[in-house]
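Visitor: can't give you the sequence, but here's the structure:
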């Protein structure tokens, strides 16, 4: 029962925290799993983390923020009723524009109790810089409140902090600065300058992302009038590859490395690349099907490997090292049989008589990787 006896209420809270600690940890874990699953399909995030606040830290917070006023007003209290972040979660997003989107998605899945918008508070001041983020107090709502696996967490509210990677970094560093209210003015100005640079970095990363998306869309619009003069780049590569492999999800960092490797073999324009892909795709697709039907060679050619084979078939001198030795030998042997079938009208695709390989053998290539040594490993 609530009282004005601080010593009594401290012990009551300690007992409550100890008795429920395991349940609080389980609730924290459940909330993290729910939020991860909700956001996974819509917004790329850096992390979702959580903690159960230490009991002594909770008591210090209550004493600092609430005890004096409650006792002055003679209002009985229980400490646990005033600790809204006993369970605390943090969602770290990539871009500031995602914070509002995350808030809106969570509002559909949880009951919002209170929102503290530190972004709006900071941006309403023209001469101040510092921590920006969104703090939301939440709890479960239907239908999860009625689900057996979640019902035991119905009484727990939790605080969710939503911030960007840059804001999270600033918060971590800012908390390490001691005596911020007492330091000289020139140091305060330096802190404000740093905070402004962090804010600028957040905006620049978002701006760069938007410009990158626009560049990719621009290349897609040029798909029917690809350049003969410009070298292939990640954007023109994707415009062609995504059309040919619509169900494959190309990862940006892999695309960057792969395109650099292709360009390092020699001049390759977007239009030339598309012509090679269109000319030999069916042949390599037949080879892919052949590998899948062969019980001793259960190889799956992903789009990167298909493209390697396409380029090798087009120019086996230039692209000799784009495949490993065993990959080249196997592909050459199949090409030989494949051409033999067409020449002799066989239908089973396994002519027994071998002719000289279609893709001629060459001596060791002088081609080197961008690093100047080993050839890049085929993807």
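Guide: Structure's in. What do you need? Quick caveat: nothing in here was measured; it's all calculated off a predicted structure.

Visitor: Touching, residue 103 and residue 162? I think so.
Guide: Yes: contact criterion C-beta atoms under 8 Å: residue 103 and residue 162 qualify, at 6.4 Å. (Glycine included, C-beta is placed from N, CA and C.)

Visitor: joint contacts of these two?
Guide: Residues touching both residue 103 and residue 162 (C-beta atoms under 8 Å, 6 or more residues apart in numbering) are 134, 136.

Visitor: neighbour-wise, which of those two wins?
Guide: Using other C-beta atoms under 10 Å, the more surrounded residue of residue 103 and residue 162 is residue 162, with 23 against 17.

Visitor: That one looks like it's in a strand, true?
Guide: Yes: secondary structure of residue 162 (DSSP: H, G, I helix; E, B strand; the rest coil): part of a strand.

Visitor: which residue sits closest to it in space, ignoring its chain neighbours?
Guide: Residue nearest to residue 162 in three dimensions, not counting chain neighbours: residue 134, with 4.4 Å by C-beta to C-beta, 6 or more residues apart in numbering.

Visitor: Against residue 116, how distant is the one you found?
Guide: 7 Å (C-beta to C-beta, to the nearest Å).

Visitor: between the two, who's got more neighbours?
Guide: Higher neighbour count among residue 134 and residue 116: residue 134, with 21 against 13, using other C-beta under 10 Å.

Visitor: Was I right to think that one contacts residue 107?
Guide: No: taking C-beta under 8 Å as the definition, residue 134 is not a contact partner of residue 107, at 11.6 Å.

Visitor: now the helices for the stretch 201-350 of the chain?
Guide: Using DSSP state H, counting those that start in this stretch, the helices of the stretch 201-350 of the chain run over 234-244, 252-264, 270-293, 303-314, 325-344.

Visitor: what's the most buried one of these?
Guide: Compared across the helices of the stretch 201-350 of the chain, helix 303-314 shows the largest average neighbour count, a mean of 21 (mean count of other C-beta atoms under 10 Å).

Visitor: average pLDDT for stretch 27-45?
Guide: Here stretch 27-45 scores 92 as its mean pLDDT.

Visitor: and it, how far out from the chain's middle?
Guide: Here the centre of stretch 27-45 is set off from its chain's centre by 13 Å, with C-alpha atoms, centre = their mean, to the nearest Å.

Visitor: Next, the buried residues of that stretch.
Guide: For stretch 27-45, the neighbour count (16 or more other C-beta atoms under 10 Å) marks 27-28, 30-32, 34-35, 38-39, 43, 45 as buried.

Visitor: now do stretch 207-217
Guide: Neighbour-count burial for stretch 207-217 flags residue 216 (criterion: 16+ other C-beta under 10 Å).

Visitor: Show me where this protein dips below the pLDDT cut-off.
Guide: Counting by pLDDT under 70, the chain has low-confidence residues at 118-131, 178-179, 220-224, 293-300, 342-379.

Visitor: Mind jotting down where the strands sit in it?
Guide: Taking DSSP state E, the strands of the chain run over residues 45-52, 87-93, 110-117, 134-140, 158-164.

Visitor: just those strands: most buried one?
Guide: Across those, averaging neighbours per residue (mean count of other C-beta under 10 Å) puts strand 158-164 on top, at a mean of 24.

Visitor: which strands and helices sit next to it?
Guide: helix 6-39, strand 87-93, helix 97-109, strand 134-140 (3 or more C-beta pairs under 8 Å, 6 or more residues apart in numbering; DSSP states H and E).

Visitor: Output these in TSV; the columns should cover distance to residue 324.
Guide: Below are the helices and strands packed on strand 158-164 laid out as TSV (distance: least, C-beta to C-beta, whole Å):
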stretch	distance to residue 324
helix 6-39	38
strand 87-93	40
helix 97-109	41
strand 134-140	51
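
Visitor: looking at the ones you listed, which is closest to residue 71?
Guide: Closest to residue 71 of these is helix 6-39 (C-beta to C-beta; 7.8 Å).

Visitor: Pull the distance from that closest one to the chain's centre.
Guide: With C-alpha atoms, centre = their mean as the basis, helix 6-39 stands 29 Å off its chain's centre.

Visitor: what do you get for stretch 217-233?
Guide: Mean C-alpha position of stretch 217-233 versus that of the full chain (C-alpha atoms, centre = their mean) differs by 27 Å.

Visitor: Same question for stretch 212-221.
Guide: Put simply, stretch 212-221 sits 20 Å off its chain's centre (C-alpha atoms, centre = their mean).

Visitor: again with stretch 146-163
Guide: Computed by C-alpha atoms, centre = their mean, the chain-centroid distance of stretch 146-163 equals 25 Å.

Visitor: Now that residue 170 has come up, it's in contact with residue 195, right?
Guide: Yes: here residue 170 reaches residue 195: they are 6.5 Å apart, a contact under C-beta under 8 Å.

Visitor: More neighbours: which of these two?
Guide: More crowded of residue 170 and residue 195, by other C-beta under 10 Å: residue 170, with 24 against 19.

Visitor: State the distance from the more buried one to residue 191.
Guide: Noted for residue 170: a distance of 10 Å to residue 191, by C-beta to C-beta.

Visitor: and of the helices and strands packed on strand 158-164, who's closest to residue 206?
Guide: Between residue 206 and the helices and strands packed on strand 158-164, the tightest spacing by C-beta to C-beta is seen for helix 97-109, at 5.9 Å.

Visitor: what helices or strands is that closest one leaning on?
Guide: With contacts defined as 3+ C-beta pairs under 8 Å, 6+ apart, helix 97-109 has these neighbours: helix 6-39, strand 87-93, strand 134-140, strand 158-164.
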